[in-house]
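>>> Predicted coordinates and the sequence they were generated for:
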Amino acid sequence: MNRKLTGILTVLAFSAMSFAQDAAPAAAPAEESAPVAVRGAETAAPAEQAAPVAEAPVEQAAPAAAPVSTVEEPAVVVAPKAVRNADSDADRTAASARAVEQFRDARNAVLYETVYTRDDGVPVRTVYVAQREGKDTVTMDELRGLYPMKLKVGAHGSVGAYQLSGNDWDGDQYSGLSWRAGIMSIIPLNQYTMGIKLGVLYEQSKASESYYVNDVPTNFRFSQKKIDVPVLFTFKAASSRIYFDLGVEMSIPLYDKLRISYTDSKDEKHTSRIDMMDEYRTSADCAFVFGFSVLANDYLSLDVSANLGVSDLYDGHLKYMNLNLDASSLNLGITVYPF
């Protein structure tokens, strides 16, 4: 009896020891995967099923942690990009503000002409146009290749070939030189193409010729002074600096004298002077004018004009000569526009 009891106790002791050895390694993984094992109700199963249940959560633990890191990583990467964009936008805004202040310091109003805009809404290649021109500014007309017609007042001077000629085909002709000086102005009628030229000019001229009178060579010389008032219509192309002029000119005489001189058969010189203003000269005469001007820049113009007389300078008759004369000239000059 004692031997049977002793054998049974021995078997039970060996069984308990083996069960303890098998349960000890399974309990350790179960404790490590406790957060995952809580989700399953299978943990209450018998000891034989505890090992497979505990091993499955251990294998799933690594992929369960991966989504947590992938969610946080874009947030860390995107944030610096947003900060950098904000800094660059702030820098561009500050630079634009500084440019505006520089123009304002120069007492210039700034206008913005955007060439194009990027997809993100930022204007690119912006042209700054100052209302008041300076050495570093460019006007929109210059960018477009246009030359506006501006209001100008300047000093004009010219020299030319001068001629007094008769109306008849065999009429007398007297040739010489003239010079003119005065004020010219351009008054625009529109922005680019049409305007009016007005002027007040002082003219002085001399013209002479020699003819035989009673087989004696006789010289006739006219000396004249007058005030010219040209009224011209001027026009040009919008992209050109060449002005074409067409109009009339009225002349008011101030001084007109005729000197007649000859040498007789005894080699004696005879000279007589006639004041044409007293009895012969008309109060005013008119001429048809056409020509062109080349505006080298905003301040200097080269002018060419032809004046064709359309009225007689004198009334009456003078012995030995025909007084049916009109005046014509071809002039080359410059105009300086300080304003």
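That came through fine. All values reported here derive from a predicted model rather than from experimental measurement. Numbering: from 1, shown residues only.
>>> List the buried residues in stretch 278-290.
Buried residues in stretch 278-290, counted by 16 or more other CB atoms under 10 Å: 280-281, 285, 287, 289. Where C-beta positions appear, they are placed from N, C-alpha and C, glycine not excepted.
>>> Kindly report the same for stretch 249-261.
Buried, per 16+ other CB under 10 Å, within stretch 249-261: 249, 251, 253, 256, 258, 260-261.
>>> what's the closest of the residues you listed to Ser305?
Nearest to Ser305 among the buried residues of stretch 249-261: Glu249, at 8.9 Å, using CB to CB.
>>> what's the nearest residue to that closest one if we skip its chain neighbours?
Pro230 (4.3 Å; CB to CB, 6 or more residues apart in numbering).
>>> helix or strand for the one you found, which one?
strand 216-235 (DSSP states H and E).
>>> so what strands line up beside that strand?
Applying DSSP bridges to the sheet, strand 216-235 is found paired with strand 194-213 (antiparallel), strand 242-263 (antiparallel).
>>> Just the mean pLDDT for the longest one, thanks.
To tie it back to what came earlier, the one meant is strand 242-263. Regarding strand 242-263, the rounded mean pLDDT is 94.
>>> what's the answer for the first one, then?
Mean pLDDT, strand 194-213: 94.
>>> quick one: buried residues of it?
Quick answer for strand 194-213 (16+ other CB under 10 Å): 195, 197, 199, 201, 203-205, 207-209.
>>> CA atoms only: put it into PDB for me.
What follows is strand 194-213, C-alpha atoms only, in PDB (Å, rounded to 0.1, in the frame of the first residue of the first chain):
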ATOM      1  CA  MET A 194      -0.900 115.500 -86.000                       C
ATOM      2  CA  GLY A 195      -0.100 119.000 -84.800                       C
ATOM      3  CA  ILE A 196       0.300 122.700 -85.600                       C
ATOM      4  CA  LYS A 197       3.500 124.600 -85.900                       C
ATOM      5  CA  LEU A 198       3.400 128.300 -85.100                       C
ATOM      6  CA  GLY A 199       6.300 130.800 -85.200                       C
ATOM      7  CA  VAL A 200       7.500 134.400 -85.200                       C
ATOM      8  CA  LEU A 201      10.700 134.900 -87.100                       C
ATOM      9  CA  TYR A 202      12.800 137.900 -88.000                       C
ATOM     10  CA  GLU A 203      14.200 137.700 -91.600                       C
ATOM     11  CA  GLN A 204      16.900 139.700 -93.400                       C
ATOM     12  CA  SER A 205      17.700 139.100 -97.000                       C
ATOM     13  CA  LYS A 206      19.600 140.500-100.000                       C
ATOM     14  CA  ALA A 207      19.100 139.800-103.700                       C
ATOM     15  CA  SER A 208      20.800 141.400-106.700                       C
ATOM     16  CA  GLU A 209      21.300 141.100-110.400                       C
ATOM     17  CA  SER A 210      22.900 143.100-113.300                       C
ATOM     18  CA  TYR A 211      21.200 144.100-116.600                       C
ATOM     19  CA  TYR A 212      22.100 146.400-119.500                       C
ATOM     20  CA  VAL A 213      20.100 149.600-119.500                       C
END
